[in-house]
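Colleague: the following comprises the amino acid sequence and a computationally predicted model.
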Amino acid sequence: MPVLATTNITLPKQIASGMWSKTVTGSVVAQLSGSEPMKFGSVDIMTFSAPPRAEYVAEAAQKGTTGGTFGVKTATPHKAHVTMRFNEEVQWADEDYQLGVLQTLADAGSVALARALDLGAIHGINPLSGAAIASIVAADRLNTTTNRVEVVGASTADTEFETAAGLIIAQGYTPTGVALDPKFAWTLSTARFADGRKKFPELGLGTNVSNFQGITTATSTTVSGLPEATDTKLRALIGDWSLLRWGVQKNVPVELIKYGDPDGQGDLKRQNQIAMRLEIVYGWAVLDLLGFAALNDLV
């Protein structure tokens, strides 16, 4: 039976697997902070706001309280979708061609969903409009950290990076990764000593950087928010990425829509079109924003 013959499409395994892989590798959040299984809805995460301390007790002495204060952070669901329209004649094509249409949706949709994860968790930005999302509170947007360092230029970029790391270490955290905007990756890769030698020749041209100063590195324009939104001026986000707890709360489905106006672009039947929609529900919470530091370009 043709794969587009019903309204509920089950993606062939080779496409579904490729889609999720691309979503993971296309996101700086997913590269720096591993996902975890998460049930649908608001999920409470228990934390120690004040960890307990051990006590040595003398023989026959009484034991005292060792402290320990529990706290709760709530990971809330955020649903993203990709809806694409096609001429309805695609339904009349053979199965190989229909699979090609699904592959196109998988490729484009996976990139969009990966960017949606970054833009939501880092900036709280709606990728389609570039506007702030009211439901993503400041405490769950990494770029609201109060640890901030101004990016001056190539000659001081490495020391500015170290300063940002120092702000995190001063809070008792260990930097585990950094998300770089391509412009800052280029700045680091082209930084030179006074005699013309490159400071960081291992960075090449600043593309596909996976490690800098001994910590895991990921690069994407989602760090600055471009092109979906106005440049946020964020150039790098360094932190203890274990403090970002996120997961996929609902599997990625693909729905074939033949009737109505699912995206505000006019009636499908009137325009001889069909639509396919891909949706995913992310959930995330930031346990402590002080475990992150932002490097900002103020120019």
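Modeller: The structure has been received and is ready for your questions.

Colleague: could you give me the buried positions within the helix or strand where residue 248 lies?
Modeller: Using DSSP states H and E, the element containing residue 248 is strand 244-250. By 16 or more other CB atoms under 10 Å, the buried positions in strand 244-250 come out as 244-249. All C-beta atoms are positioned from the backbone trio N, CA, C, and that covers glycine.

Colleague: let's have the residues you listed in JSON lines, adding pLDDT and distance to residue 84.
Modeller: Converted to JSON lines, those look like this (pLDDT from 0 to 100; distance: CB to CB, whole Å):
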{"residue": "244", "pLDDT": "95", "distance to residue 84": "30"}
{"residue": "245", "pLDDT": "93", "distance to residue 84": "31"}
{"residue": "246", "pLDDT": "92", "distance to residue 84": "26"}
{"residue": "247", "pLDDT": "89", "distance to residue 84": "26"}
{"residue": "248", "pLDDT": "87", "distance to residue 84": "21"}
{"residue": "249", "pLDDT": "87", "distance to residue 84": "23"}
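
Colleague: and the pLDDT for the residue minimising distance to the centre of the chain?
Modeller: Geometric centre of the chain, nearest residue: residue 118, 2.7 Å, by CA atoms, centre = their mean. With respect to pLDDT, residue 118 scores 95.

Colleague: check contacts around residue 153.
Modeller: residue 187 (CB atoms under 8 Å, 6 or more residues apart in numbering).

Colleague: check residue 115 too.
Modeller: 26-27, 127, 220, 222, 228 are the contacts of residue 115 under CB under 8 Å, 6+ apart.

Colleague: by contact count, what packs against the strand or helix carrying residue 276?
Modeller: Per DSSP H and E, residue 276 falls inside strand 273-286. Judged by 3 or more CB pairs under 8 Å, 6 or more residues apart in numbering; DSSP states H and E, strand 273-286 is in contact with strand 43-50, strand 69-87, helix 95-118, strand 244-250, strand 254-257.
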